[in-house]
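In: quick one, what's the 3D model for this:
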Amino acid sequence: MDRTVESRLTRRSLMTVALGVGAVTVAGCATRTDTTQEQASVPPRSSPEASSAAPSPTAPVLSREEVVAEYGSRAPNSWGIDVPGVAMSLPEGTEPVALTFDCCGGPGGDTLDEALVKALRGSGTAATFFLAGRWVEANPALTEELAADPLFEIANHGTAHQPLSVSGASAYGIAGTTDAAAVYDEIMGAQKLIEERTGATPTFFRSGTAHLDDVSAEIARSLGLLVVNFNRNGDDGGTLPAPSVSDRLVGMEPGDILLARSNRPSGGTAAGVTAALPVLRERGMSFARLSDVLPTEAEQD
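Out: From the prediction side, this is the model:
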């Protein structure tokens with residue numbers, strides 16, 4: 001399906017919680033060395049009862065002080081990749097898949113995999129890029145370039161690439177935010193940087209390492225953002241060789257959300273994606289940006 005057809009996709013009600021991500025050992029941009037078969041498993045689709053978790057673009061965004069007053073005393077009940085209020089896959093019955101790529105920034109992560117972007121553009125493949133604020137600051141021109149391409153959309157990957165926590169939880173040795181005020185700063189710092197650089201306001205968010213608690217997910221929604229994670233780990237943080245990446249993508253099913261790294265050109269991601277795309281298209285698979293298939297709450301009314 002080409003981009004013109006993809007743009008006419010019927011928007012469906014959003015289901016945000018999928019069960020049983022399994023032992024995914026790489027989340028967002030953190031890397032672990034223990035790789036298991038469960039990383040490529042597909043969890044069950046989301047339940048329709050969770051559709052109300054989508055933020056409304058017309059709802060007022062809370063201020064930092066309001067976030068602290070509303071959520072400062074709340075204790076989280078869940079922590080991880082798959083928590084209430086997080087979209088793990090696309091709505092039941094969705095035909096396309098969503099390819100999402102993280103640009104994390106920081107040491108060793110301030111580049112862009114140009115070969116990956118070339119492969120997506122050359123094949124007319126839509127994708128969503130989650131940009132961390134520190135990556136945007138290091139790559140202002142590339143940020144503008146990605147945002148200007150109608151194949152792509154830009155999403156928020158946090159200011160300093162931290163796990164999102166109201167209690168200081170950490171993931172893969174990366175310290176999380178410490179309280180509700182820090183959650184606000186991690187979200188809205190990147191939001192402001194992206195808005196200033198591109199003129200567009202992101203509507204999707206993924207925390208550094210993709211870990212967060214349920215209170216932080218509520219804060220994100222109060223700020224007009226839907227937290228989107230994944231049910232397909234494409235490249236284990238950019239560490240897999242090309243054949244393994246290709247195998248992960250070829251195994252995708254309609255409605256899947258893929259996570260891969262787009263700021264590690266030395267890895268096998270670009271070559272693996274390049275090899276997998278024609279195979280997926282031969283199977284009749286189509287590709288969509290998140291905004292093409294995840295309607296906001298207002299659009300559901």
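
In: please save the CA atoms from the helix or strand harbouring residue 221 in CSV.
Out: Using DSSP states H and E, residue 221 sits in helix 214-222. Extracted C-alpha coordinates of helix 214-222, given in CSV (Å, rounded to 0.1, in the frame of the first residue of the first chain):
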residue,chain,number,x,y,z
ASP,A,214,1.4,4.4,35.9
VAL,A,215,1.3,7.8,37.6
SER,A,216,3.8,9.1,35.1
ALA,A,217,1.7,7.8,32.3
GLU,A,218,-1.2,9.8,33.7
ILE,A,219,0.9,12.9,33.9
ALA,A,220,1.9,12.5,30.3
ARG,A,221,-1.8,12.3,29.3
SER,A,222,-2.5,15.4,31.4
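
In: how far off centre is the next helix or strand after that helix?
Out: The helix or strand immediately downstream of helix 214-222 is strand 226-228, counting by DSSP H and E. With Cα atoms, centre = their mean, to the nearest Å as the basis, strand 226-228 stands 7 Å off its chain's centre.

In: for strand 226-228, name the packing helices and strands.
Out: Here strand 226-228 touches strand 86-87, strand 204-205, helix 214-222, going by 3 or more Cβ pairs under 8 Å, 6 or more residues apart in numbering; DSSP states H and E. Just so you know, the C-beta spots here come from the backbone N, C-alpha and C atoms, and that holds for glycine as well.

In: can you list the buried residues in stretch 193-204?
Out: Across stretch 193-204, burial judged by 16 or more other Cβ atoms under 10 Å covers 193, 194, 197, 198, 202, 203, 204.

In: same question but for stretch 185-195, I mixed them up
Out: Neighbour-count burial for stretch 185-195 flags 185, 186, 187, 188, 189, 190, 191, 193, 194 (criterion: 16+ other Cβ under 10 Å).

In: who's in contact with it?
Out: 64, 131-133, 136-137, 143, 147, 154, 156-160, 162, 164, 177, 200-202, 205, 207, 219-220, 223, 225 (Cβ atoms under 8 Å, 6 or more residues apart in numbering).

In: show me just the buried residues among the residues you listed.
Out: 131-133, 136, 143, 147, 154, 156-160, 162, 164, 177, 202, 205, 207, 219-220, 223, 225.

In: which ones among the residues you listed are found in helices?
Out: Within these, residues falling in helices by DSSP state H are 133, 136, 143, 147, 219, 220.

In: and the closest residue to residue 268 other than its chain neighbours, how far is that from residue 249?
Out: Excluding its sequence neighbours, the residue lying closest to residue 268 (Cβ to Cβ, 6 or more residues apart in numbering) is residue 242, at 3.6 Å. Distance, residue 242 to residue 249, using Cβ to Cβ, to the nearest Å: 11 Å.

In: mind checking which of these two has more residues around it?
Out: More crowded of residue 242 and residue 249, by other Cβ atoms under 10 Å: residue 249, with 25 against 18.

In: show me where the stretch 1-150 of the chain has strands.
Out: Under the criterion DSSP state E, counting those that start in this stretch, the stretch 1-150 of the chain carries strands at the ranges 79-80, 86-87, 98-103, 127-131.

In: can you lay out those as a markdown table showing mean pLDDT and distance to residue 267?
Out: Below are the strands of the stretch 1-150 of the chain laid out as a markdown table (pLDDT from 0 to 100; distance: least, Cβ to Cβ, whole Å):
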| stretch | mean pLDDT | distance to residue 267 |
| --- | --- | --- |
| strand 79-80 | 98 | 25 |
| strand 86-87 | 96 | 26 |
| strand 98-103 | 98 | 12 |
| strand 127-131 | 98 | 16 |
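
In: so which of those is nearest residue 287?
Out: Closest to residue 287 of the strands of the stretch 1-150 of the chain is strand 98-103 (Cβ to Cβ; 6.0 Å).
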